[in-house]
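Student: Below: sequence and its predicted model.
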Amino acid sequence: MIELRQVTQHYGVRPVLRDVNVRIEPGTVTAIVGPNGMGKTTLLAVMAGGLSPQFGEVLIGGKRRRSTVEDELAIRRRAVYLPDKPWLPADQTGREFLLNVGRLYDIAHERLFEHIERLLELFQLVKEGDWPIRGYSHGQKKKIALASVLITDCPLLLLDEPFGGGLDPAGIFALRHVLKRWVSRPDGQVVLTAPAPELVEELADRFIVLREGQVIADDGLDGLRLLTGCDGTLSEVLSRLIHPDTLASVERYFEETPP
Amino acid sequence: MKRVGRRVVRWLRSGSPPWWVIGIALFAWITLNVASALERAWLQRLFHGDIEIDEQLLTVPQMAPVVLGLCGIVFGVVRAIQNHPYSKADYRRWLRMTPWTSSQPLPLGPVALVPQDLVWVSLFGVMLWQLSGQWLAAPLVFLLSYQTTLAGLFLLTGAKRIGYTLAFVVASVLWGCLVSPPVMLALAILNDLLVRAGLARSLRQFPWDDIPEHEQLVVLQDGDAGNPEAFSSTKPKARALTDLGWPHYSLGPKSSLQWMSRVDGALVSLLIGFFTFVLCHIAKQVKHPVNSQANMATGDMSAVTLFLSYLMLASIAAELTESIHSPISWLGRIATRRLVIPAYDIRWLPTLSAAFVLAGMWLLRKALALPDDVFVAATTFGVTFCLLVFRPDRRKWRLTAPAMIAPSVFNKNGKKLVEL
């Protein structure tokens, strides 16, 4: 379980997150959604331990992040983070990279080798697995980065824009199914950010909607529909929540456009 | 006769320094001889050959011990590291894959001194004697630089006690050189027993993994791709976890990064202080052989201060290249009235305390009334002590300090990693 209590985060003067209180139960895919610059990536980085909030605390599995060496290492063994712009080792092959990440997480060798083969197959990188990563295309780098997260076998995945970065339709399809199945395992939990709601509408069980650093809604799609009184798609529901004036603006634009 | 000659050459080559060291020494000797002859000719011409030239007037023979002394230092350092597996990563990696044990001779040649070294040092002594009329400095310089380098290697290869003892003894011998060089040469030769004990201990600890086993990355060989059986611990493991990129290294579940222990930090700073004192004392005595109370030159004092300042700048630079940044900008700190974040800012304590020591010593210089060499040594000790001892526990700090963790500057710009 992830729990954020009164989290406030500044980089400079302007707070990026303001008094965020969230509790995410295991067994769910949770999507953090909202317009650009509203704190999605920051919220995920705070959960991942990459950022220490100025106020408030983050608890994962009942342990507070960055409180003691033992608790922090225990959390790191359970949770793995993929930023939107990871840095991959240029001269290692994809297979070596996955092998080394697996060793970092103490995965047994037999299981590791077998899992690597399945992941390379899943992301259509069997041939490319023996190439140095520097030779990969943008989308292939994204795939190997995603595979490096899955190889860890950590129950909690924190993924920043996993469907971006040039992932092809086959990759998106594969990832959606993997994540859906991931949360069915004991303690399995996925938290991800998505700039475009369509990508996560079917996948996520729950949506945390951010606006100007604050959580303005935190519910499943049905709950959000009830809240907004809109029966449309997630995109329409979010438009009402985040930009209530957007639809009216669009209508006004066309009304005022000369024929 | 030819066969004997060939045997001698082969014997000499089996314990010779690299060709470039011999080349530099020969080049320096020939150049000094040519310069000395030219200087004599020039002086003869200046005085129309009427007077006997006083040796004291010639500058080249006075320079010779310094130039050849530097060559001797290089020879000693190279002799210590050229066959030591710790100083050559490829050699070490290869050696760990062989059945070699410390009871056997090292395949590339011995680290301990052998009779051939006596020949080379004697040759070096002859060169020095021919130019300056003294030869004792040759074996002394060679032995002291060789032993100092080995003391450093012992500290890194599991023979710390002998390493520290050897380093302090070498500094003491160096100090005593001004009083009685022949006695000190005898002591330096006796030191070889300590060197041999240190070497035996150090080689027993082979392979001295500079990167702990669990922090090493594997490199797959051809044919290993899908075969866990083929993968074994004897495969080369050259790269460290730090090469795993962002964020797996910075946010992964292993973080055993250790900095020098506080005891080691204190001992190393004491050693640096002692060596500084000895070198300053020698420099002072060489410049003012009669007046033992003479001050050091202002330029020398400034050079030491500048060096210590650079040391502090290097410490700051090393901190800044780490992938752990302040959780909030300076503007943010001012706006939120949290100018100091103690749990994070403790990283600056070594540099700040060192700066205080440096400034404080200079301000109190007159009040302390210490001889210059003692003052410089005490300041150097104080600064290095602060930099090495007042550091937070790195592992704990990396895992628990309130911070912003990001790819390090090196990772961002280096060719090792590619950005998605």
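Tutor: Received it, and whenever you're ready, just let me know what you need.
Student: Pick out the residue nearest the middle of chain A.
Tutor: Central residue of chain A (Cα atoms, centre = their mean): residue A:192, 2.0 Å from the mean position.
Student: what residues are up against that one?
Tutor: Residue A:192 sits next to A:29-32, A:44, A:157-162, A:179, A:200, A:204 when contact means Cβ atoms under 8 Å, 6 or more residues apart in numbering or on different chains. Every residue, glycine included, has its C-beta placed from N, CA and C.
Student: Of those residues, which is the most crowded?
Tutor: Neighbour counts for these peak at residue A:158, which has 30 neighbours (criterion: other Cβ atoms under 10 Å in any protein chain shown).
Student: Could you export the helix or strand encompassing it as CSV, CA atoms only?
Tutor: Using DSSP states H and E, the element containing residue A:158 is strand A:156-159. C-alpha atoms of strand A:156-159 as CSV (Å, rounded to 0.1, in the frame of the first residue of the first chain):
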residue,chain,number,x,y,z
LEU,A,156,5.1,-2.2,-7.0
LEU,A,157,5.7,-0.6,-10.4
LEU,A,158,6.0,3.2,-10.6
LEU,A,159,6.0,4.2,-14.3
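Student: Against which helices or strands is it packed?
Tutor: In terms of contacts (3 or more Cβ pairs under 8 Å, 6 or more residues apart in numbering or on different chains; DSSP states H and E), strand A:156-159 is packed against helix A:40-48, strand A:79-82, helix A:138-150, strand A:189-193.
Student: So for residue A:108, which of the ones you listed sits nearest?
Tutor: helix A:138-150 (16.0 Å; Cβ to Cβ).
Student: rewinding a little: how about JSON lines for the contacts of residue A:192, with pLDDT added?
Tutor: Shown next, in JSON lines, are these (pLDDT from 0 to 100):
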{"residue": "A:29", "pLDDT": "95"}
{"residue": "A:30", "pLDDT": "95"}
{"residue": "A:31", "pLDDT": "95"}
{"residue": "A:32", "pLDDT": "94"}
{"residue": "A:44", "pLDDT": "94"}
{"residue": "A:157", "pLDDT": "96"}
{"residue": "A:158", "pLDDT": "96"}
{"residue": "A:159", "pLDDT": "96"}
{"residue": "A:160", "pLDDT": "94"}
{"residue": "A:161", "pLDDT": "92"}
{"residue": "A:162", "pLDDT": "93"}
{"residue": "A:179", "pLDDT": "95"}
{"residue": "A:200", "pLDDT": "88"}
{"residue": "A:204", "pLDDT": "92"}
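Student: So which residues on the stretch 251-400 of chain B come close to chain A?
Tutor: Contact residues, the stretch 251-400 of chain B versus chain A (Cβ under 8 Å from any Cβ of the partner chain): B:251-255, B:327-329, B:331-332, B:335-336, B:338, B:395-396, B:399-400.
Student: so of the residues you listed, which ones are in helices?
Tutor: Of those, the ones assigned to helices by DSSP state H are B:251, B:331, B:332, B:335, B:395, B:396, B:399, B:400.
Student: okay, now the nearest residue in space to residue A:165 that is not next to it in sequence: neighbour count?
Tutor: Leaving aside its chain neighbours, residue A:165 sits nearest to residue A:142 (3.9 Å; criterion: Cβ to Cβ, 6 or more residues apart in numbering or on different chains). Using other Cβ under 10 Å, residue A:142 is surrounded by 27 other residues.
Student: which residues does residue A:142 contact?
Tutor: Residue A:142 makes contact with A:164, A:165, A:166, A:167, A:171, B:420, according to Cβ under 8 Å, 6+ apart.
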